[in-house]
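# Here is the input, now give the coordinates:
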Amino acid sequence: MTTLTQTQAETRAGLLPILGAAAFGIGLLFFTGFAQATVFHDTAHDTRHAIAFPCH
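Residues are numbered from 1 along each chain as shown. Next comes the predicted model:
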């Protein structure tokens, strides 16, 4: 007789990716709070041109 054994794999995402994403988000909010609006516009404009997305 053949016995089948099923094992269950345990997956754990961990705390490091969560903390990394939180630090990135907080840093993004912190640094963009000190930037001028023209910097955002120029960055978005250049990014759209870089990915060949029409912006005008």
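
# Need the residues that contact stretch 38-47.
32, 55 (Cβ atoms under 8 Å, 6 or more residues apart in numbering). All C-beta atoms are positioned from the backbone trio N, CA, C, and that covers glycine.

# quick thing: my sequence starts at 54, can you match it?
That works, and once the first residue is 54, the last one we named lands at stretch 91-100.

# That stretch - what's its average pLDDT?
Per-residue pLDDT values over stretch 91-100 give a mean of 86.

# again with stretch 58-75
Rounded mean pLDDT across stretch 58-75 is 79.

# does the residue nearest to the spatial centre of the chain belong to a helix or a strand, and which?
Taking Cα atoms, centre = their mean, the centroid of the chain lies closest to A74, which sits 6.8 Å from it. Taking DSSP states H and E as the criterion, A74 maps to helix 69-85.

# again with T56
Per DSSP H and E, there is no helix or strand for T56.

# That one: neighbour count?
By the criterion of other Cβ atoms under 10 Å, T56 has 4 neighbours.

# any idea how far it is from V92?
As judged by Cβ to Cβ, to the nearest Å, T56 and V92 stand 66 Å apart.

# Need the contact partners of the helix holding A74.
Residues contacting helix 69-85 (Cβ under 8 Å, 6+ apart): F93.

# And the next helix or strand past that helix?
Immediately after helix 69-85, counting by DSSP H and E, sits helix 90-103.

# okay, the angle between that following helix and helix 69-85?
Interaxial angle of helix 90-103 relative to helix 69-85 (axes from the mean of the first three to the mean of the last three Cα atoms, to 10 degrees): 120 degrees.
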